[in-house]
Every structure is written in structure tokens, then in C-alpha cells.
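Chemist: Turn this into a model:
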Amino acid sequence: MICLRVAKRKSVQCNGGVCVDKNKDSVVDETTLSSIWNRKFLNAIVHKADYTKKWQTYFDAYNGDYFKNESLPEYRSDMVSNYIFSVVETVRPIMLDNDPKFQAMPRQPEGMPLSNDLQEALSYEWDREKVNAKIYRELINTLVIGTSIFFIPYDSDKKNVSAVAVNPFNLFPDPLATNMDNLEHLIYAKYTNVELLKRLFPDKKDKLFGGGVKHSELVYENDKNANVDNQVLVLEVHTKDFETEEYTNGKEKSIKPKYPNGRVLTICPDLGLVLSDKENPYKDGKFPFVMIRDYDVPGKFWGEGEVAQLISPQKYMNQLNNAIIDNAKATANMPWVIDKNSGIPKGALTARPGLIIRKNPGSIVERPQPPSMPMYVSNTVETIKSDIEMVSGIHNTVRGENSSGVYTAQGILALQEAGQVRIRLKVKLLEAGLAEMAELWVSRMKQYWKDDRWLRISKTDGSYDLKRFTKQVLDYDYDVRITAGSTMPVNRGAMLDLMIRLAQTQMPDGQMLVDREAVVQYLPEEIKSSLMERMSDNQSSLTQITQSIEEMGQALQEMQQGLQQISEEGNAADEEQFKIIEELTGAVEEINGKILQLQEEYDIMVEEEEKKKVDTKMQDDFFNKGYMEAEKAYAPTSDMAEQTDTGMPDEMLGGIESMSDDELAVLMESNPDIMDMLK
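Modeler: Below you'll find the model as predicted:
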């Protein structure tokens, strides 16, 4: 930011709080620079005064102090039924019941395999810095006044990124800004102990001295009895500085921004001191603040909270409630009407049960009949309660109360889901703010994490493990977002019932719709951890078997690839070999065919030979039987022997002549005497 004294000139140079105008050779010392920013600070206070006053009222309403009237007489009631507190504390746990689920989306395809590591690193950092607890506490600011703010610096001593909650009362933006993107400067004002400043800025310790608190709104939440005699007002100014400077590039002169990433000043305006003046240390050039709004109103820098709309009906409902209580107290103990001559001494009549009253005859001692409270009074109270529910969007079902006519579990869940519509809008704005915090966090990690780190990772079974985070992950650019609705509560009983049903639903491919791990996630922690451990042991055994099968398959695949490679190389080297192989393969197939044909023919021949042997045997048997019978019938006598030369009958000789050679050979072999007879 250019100093106001020379705001229209671009020849101003500042160094260590001393600004020099080169055209006039005049020096703008640190007192003047401090005065300039003090004036800007006072202008911002005036511009923010309306918000500051309303915010104080809203916090009093949340605490219940706003509705109490200490000037009332003793007999008047001053009861406060704080529905504002109830609404805020009903919404707050719903908005941040679970840890946010980060989703890192790389801008380069090379970063895709590493995005999961970045998500785990963000979850670890979130737990280490206890951001959820801080956000849960700051949600009171979000819901009551409409805005909560976080400062995201890098702590060079601890070498860690931090999330520091900032009191909205202490932050003063550029009066013309409508959001963090079009800010020109942002002032964070706070009172600091003078001794702490002397340790942080030893070169200024002789000029530092403490005093009282002039701006009470900056210590709104501090203890009123705290010692404020040694406090110093400190302004931390973050500004987009448009100052330029000349530089020589060879023989040419050019102009470049002096503070391209912005400028940060630390000023004690009451003392006229500039404690620090330096360039914004963060390379992203963004203001290191993140705003979370309850209702984001267009055109307004600050958000709107719940109390702004509820404080009016809450105020009148309290008045009517107190009127009803006063009426009840009066009618329950009506005054007595006593004549002076009744003979009853003063103070003798009380509200004691069974009281016996003695009076003089002819005098009056009576208690008037109390008037009844008009019905419209109680009806108005119920109407205001209904209005508060309608305005806030928090109905009985959100608080877990049953609605008339709805008794089933699914019906109650549907009512609760419908009743959380307004809360979902708040959660979306909350998660958008958390995503901005995560992106600033990643920016700090990219700038300052130069070495590998060990991160503590939470497993699904509730145990922890250490994982090495390599700096290679941060070589790529990422966009970070929060999974929608991940911070809202989940009805674990209903989800467990749903997961069991889905685990029993079979898909067309035979697989179940969800696996058993999805069911276990919604079991109680004491059961889930042991069950997940047993499942992990079984899974490890199955994994080893699967790994062995995969290794065998991989080895087989490598062998096939090697054979294919050899074949391809052989094809490229000599195509003639393939032709020879094909010819040999054809010849082998032809020989195999002939062998099969010959085998079939041989089988037929063997079968015919066996059949022939059977037929021959049958013929021999029949021949031998006929021969023996013939021999008996035609046995030769002495007369017949003399009639023939062979001594055989003519009929037998005729039979022998009609035999074939084979049959005759068989006959000769079985009856060798026939040969002699024939001779």
C-alpha cells in the first residue's frame, strides 16, 4: 500500500518503516507511516461500529443477559426461556459431528497416483492441529453473529502450519470490500502485553511502554478484572501494495511491483512505532485469513447469524411468559379486604393453609375472586414459539422429538432429514470455508515442506500406522474440496440396518451390492475394531494365496510373451523357416492321417482273420465227424478188397476226389493210412 502523503506518486520507496519520495527527497518516517494506518484503522472502526454494537447485543441474547431487567421490583418476574440458546446449540453439533473428508484433485495427470497421499497428509494435519475442536468452538461466532474467522500462518519455530481462531471483533477490513477476494487491506487489531513485545522486538524495547485499553470492543470477551495497565495496541496490517520500483535490464529500464505478493506491517499506533515492515512471506499472495459464514448476504462483507432474526420474538415471548407468571402468583395469593373494625390485627392474615379467622360481627373480611388470564395471552406465547421454529428452521423432529402420527423408524428418519434442510445450507457454507483452509494449508506445505515426513495414519479398524510422506507429492498443483455432507451426523443404527439389507441383495453377476467392510463401518467401535482385526487376518491369508496365483499367472504370461517375442523375432529374421515348419506340419498331419487309416484297415483284417479261424474250426469238426461215421458205415470186407486195387469203395474214392487241396491235406494229416491205401 502506498503511503497517503505520496499516494499519487509511484516514486516512493520504503525500507524499515522509512518511506522516501525520490522526487522531493523528503522522508516519510515511521511516525507518519504509523499515523497513516492509525487513521485507516479509526475509519474502519467507524464503518464497523453498527456491526460491533449489534454483535454485542447478539452475544448478550445468546447468554440470556439481554433479556434480564435488573431495575424491576421484587414482585415482578424476570424469567428467561432462551430459545436462541436452544437453536444455536441444536444446530452446532449437527454441523460438525464428523471429521471432514478431503478430496485432493490434481491439476496434472501425473499427480493422480499421489492425490491419496495428500488427502492422508491433510487428515493428519487436521488432527494434529485439533482443527475440529477449534471449529466447533468458533461455530458459536458463526451462528450468533454470522461470521467466524481463521488465520492460517506457518510457524517457523515449530515448523508446522497452524490454524488460529480470530475474534471477529478484532478484524477490520477495507470499508469498500464485500468479500475476501476484493480486499485491498485487512487490519487485525489486538492489545498485547508490553513485555512480550520487548522480547519480540528488542531493537524497539526502549520506545515501548504499556498503558490502558481505549477500545473496549477489542477485549470484549476478556475478564473485566484483568490487569490492563501494561497493554499496547498493535495493528497487524495485511495489504495489497501497489508500489513499484525501477530496475535495469541491460540498457533498458523497466518497472516492476515492489511487493508482488503483498505487504505486512506491524504498527503500534498509540506509540507511533513501526515494529515490522516486510513483504508478504507467502508465495500464493493471498490474505492468510478464511471466513466461515452462517448466511452469506450478497454485497456484505460480514455474514448474518441466527440471533438477528430471533431476538425480537424471543424478547416479546419472555415478556408474555413473565406476565403469565406474575398473574399466576397474584391469583394464587389474592389480597384480603378487611374492615377497620373487623378486630383482626395487621399482619395476622397469611397464606397459611387451614388458617382460622375471627372477626367482629357486622364487619367484612373477604378475598375477592381472581380474574382469569385471557386465553389470547397463552395462545400468543404458542404462536411466538411456532414463529421461532419457522424462522430458525429448527423443528421438534430435529431435536429428536416424535411427531404425531409418525411411528415407524423410516418415517421418523424422513422427518429428521426434511427438518435439516436449512442446516444443510449452513453445512455447505461451512465446508466451502474448510476447503479454503485446506487449500491455504496445501500452499504452506508446498512452500515450506522441503523434506520427507512421517505421518500417523488412522486405519479402518481404529488402529494407527506410520506412513512416509514424500516431498514429490507437493510437486504438483491440487484443488481441495470437502466431500458434501461429510461433516454432518449419520444415524448409525439406520445405516447399519440399510447396509445389512444391501449386503443381502445379490446383483446379476452373483456379487452382493456391498461388501462386509461396508457393514462393519457402522458397528460400535468396541465391536468394529476386533471384528476388523479378524477380517484382516483372514484377508491376509487370502491375499497370500491370491498373490501366489497372480505370481504364477504372471510367470506364465512372461513365458508366453517370451515365446511370442522369439516367434516374432524368428519371423522377422527368416520367413523361409516358417514355410518349412508349415510344410513339415502338413506332412506330419498327412502321415498321421495315413497311420490312422492303416490302423483301421489292420483292425478289419484282424477281425476277418479271427472270423476265418472260427469258420475253419467248425468245418474241421464237421468233416471229422462225417468221416468217422462213413468209416464205420463202409468198413471194407475181404471180398470187396479183392474187387479193387486200392481196397477202398468207389463212393469213398469219389468223395476224396471232390475235396479241395486244403481239405485233402487236413485229411491226410489226420489219417496217414489213407495215403498208403491210395498208393
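Chemist: Below-threshold pLDDT in the stretch 151-300 of the chain: ranges please.
Modeler: Filtered on pLDDT under 70, the stretch 151-300 of the chain yields the residue ranges 220-228.
Chemist: Hmm, Ser148 and Leu139 touching each other?
Modeler: Yes. If you go by Cβ atoms under 8 Å, Leu139 and Ser148 touch, sitting 6.9 Å apart. The way it works is simple: take the backbone N, C-alpha and C, and place the C-beta from them, glycine included.
Chemist: Which one's more surrounded, the two?
Modeler: Ser148 (27 against 22; other Cβ atoms under 10 Å).
Chemist: How about the contacts made by the more buried one?
Modeler: 135, 138-139, 141-142, 165, 168, 291-292 (Cβ atoms under 8 Å, 6 or more residues apart in numbering).
Chemist: among these, which are in strands?
Modeler: In this view, those that belong to strands under DSSP state E are 165, 291-292.
Chemist: Which of those residues are buried? Put it as a ChimeraX command.
Modeler: For the buried members of those, the matching ChimeraX selection, counting by 16 or more other Cβ atoms under 10 Å, is:
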select :291,292
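Chemist: Correct me if wrong: Leu197 contacts Leu208.
Modeler: Yes. Counting by Cβ under 8 Å, Leu197 does reach Leu208; the two are 5.3 Å apart.
Chemist: For these two, indicate the residue with more neighbours.
Modeler: Applying other Cβ under 10 Å to Leu197 and Leu208 shows that Leu197 carries more neighbours, namely 22 against 19.
Chemist: what about the helix or strand harbouring Arg468, average pLDDT?
Modeler: Using DSSP states H and E, the element containing Arg468 is strand 464-469. Computed over strand 464-469, the mean pLDDT rounds to 87.
Chemist: What are the contacting residues of it?
Modeler: Against strand 464-469 from outside (Cβ under 8 Å, 6+ apart): 117, 120-121, 452-459.
Chemist: Which neighbours do Leu197 and Leu208 have in common?
Modeler: 232, 268.
Chemist: quick one: secondary structure of Arg92?
Modeler: helix (DSSP: H, G, I helix; E, B strand; the rest coil).
Chemist: any idea how far Ser162 is from it?
Modeler: 23 Å (Cβ to Cβ, to the nearest Å).
Chemist: Could you do Tyr476 as well?
Modeler: 24 Å.
Chemist: Same check on Ile457?
Modeler: In terms of Cβ to Cβ, Ile457 sits 21 Å off from Ser162.
Chemist: Ok, Asn132 next?
Modeler: Taking Cβ to Cβ, one finds Asn132 at 15 Å from Ser162.
Chemist: Same check on Thr57?
Modeler: Distance from Thr57 to Ser162, by Cβ to Cβ: 32 Å.
Chemist: what do you get for Ser115?
Modeler: For Ser115, the distance to Ser162 - Cβ to Cβ - is 24 Å.
Chemist: Just to be sure, Asp479 is in a strand?
Modeler: Yes. According to three-state DSSP, Asp479 belongs to a strand.
Chemist: Run a quick neighbour tally on it.
Modeler: With other Cβ under 10 Å as criterion, Asp479 counts 13.
Chemist: pretty sure it contacts Met105?
Modeler: Yes. Counting by Cβ under 8 Å, Asp479 touches Met105, with 4.7 Å between them.
Chemist: Neighbours of the closest residue to Leu114 other than its chain neighbours, how many?
Modeler: Spatial nearest neighbour of Leu114, chain neighbours left out: Val473 (4.5 Å); criterion: Cβ to Cβ, 6 or more residues apart in numbering. Counted by other Cβ under 10 Å, the residues lying close to Val473 total 24.
Chemist: residues contacting Val473?
Modeler: Applying Cβ under 8 Å, 6+ apart, the residues contacting Val473 are 111, 114, 117-118, 121.
Chemist: Let's see that with 7 Å instead.
Modeler: Applying Cβ atoms under 7 Å, 6 or more residues apart in numbering, one finds that Val473 lies in contact with 114, 117-118.
Chemist: Sort out for me which of the residues you listed are in helices.
Modeler: 117-118 (DSSP state H).
Chemist: any chance you could map the helices in the stretch 51-200 of the chain?
Modeler: Along the stretch 51-200 of the chain, the segments classed as helices by DSSP state H, counting those that start in this stretch run 83-95, 115-128, 131-144, 194-200.
Chemist: Contacts for the last one, please.
Modeler: If you take Cβ under 7 Å, 6+ apart as the criterion, helix 194-200 is touched by 205, 208-210, 230, 232.
Chemist: pretty sure Thr32 is in a helix, no?
Modeler: Yes. With three-state DSSP as the criterion, Thr32 is part of a helix.
Chemist: Next, count neighbours for Ser115.
Modeler: With other Cβ under 10 Å as criterion, Ser115 counts 18.
Chemist: Tell me how far it lies from Ser443.
Modeler: 16 Å.
Chemist: try Leu498
Modeler: For Leu498, the distance to Ser443 - Cβ to Cβ - is 39 Å.
Chemist: Now stretch 266-281: buried residues?
Modeler: Quick answer for stretch 266-281 (16+ other Cβ under 10 Å): 266-269, 271-275, 277, 280.
Chemist: same thing with stretch 447-461?
Modeler: 448-449, 455, 457, 461.
Chemist: same thing with stretch 376-394?
Modeler: Buried residues in stretch 376-394 (16+ other Cβ under 10 Å): 381, 384, 387-389, 392-394.
Chemist: Please apply the same query to stretch 300-314.
Modeler: Buried, per 16+ other Cβ under 10 Å, within stretch 300-314: 301-311, 313-314.
Chemist: Looking at these, which are in strands?
Modeler: Going by DSSP E, the strands hold none of the buried residues of stretch 300-314.
Chemist: And those residues, which is closest to Tyr51?
Modeler: Trp302 (5.8 Å; Cβ to Cβ).
Chemist: Who does the residue nearest to that closest one when sequence neighbours are not counted form a beta bridge with?
Modeler: If the residues on either side of it in the chain are set aside, Trp302 comes closest to Thr147, at 5.1 Å by Cβ to Cβ, 6+ apart. Note on Thr147: beta-bridge partners Arg293, judged by DSSP bridges.
Chemist: Can you show me the strands along the stretch 201-350 of the chain?
Modeler: 231-239, 244-249, 252-257, 263-268, 273-279, 289-293, 337-338 (DSSP state E, counting those that start in this stretch).
Chemist: how about TSV for these, with distance to Ala328 added?
Modeler: Converted to TSV, the strands of the stretch 201-350 of the chain look like this (distance: least, Cβ to Cβ, whole Å):
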stretch	distance to Ala328
strand 231-239	50
strand 244-249	75
strand 252-257	72
strand 263-268	59
strand 273-279	62
strand 289-293	43
strand 337-338	21
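Chemist: Between these, which one is closest to Ile84.
Modeler: Nearest of the strands of the stretch 201-350 of the chain (Cβ to Cβ): strand 289-293, 18.5 Å.
Chemist: who's in contact with that closest one?
Modeler: Counting by Cβ under 7 Å, 6+ apart, 142, 146-152, 166, 180, 186, 303, 429-430, 433, 436-437, 440 sit against strand 289-293.
Chemist: if we can go back for a sec, restricted to helices, list the buried residues of stretch 300-314.
Modeler: 307-311, 313-314.
Chemist: just those residues now: which is nearest Phe41?
Modeler: Using Cβ to Cβ, these come closest to Phe41 at Ala308, 26.2 Å.
Chemist: Show the contacting residues for the closest residue to the closest one other than its chain neighbours.
Modeler: Nearest residue to Ala308, sequence neighbours excluded (Cβ to Cβ, 6+ apart): Tyr58, at 6.8 Å. Taking Cβ under 7 Å, 6+ apart, we find Tyr58 in contact with 144-145, 305, 307-308.
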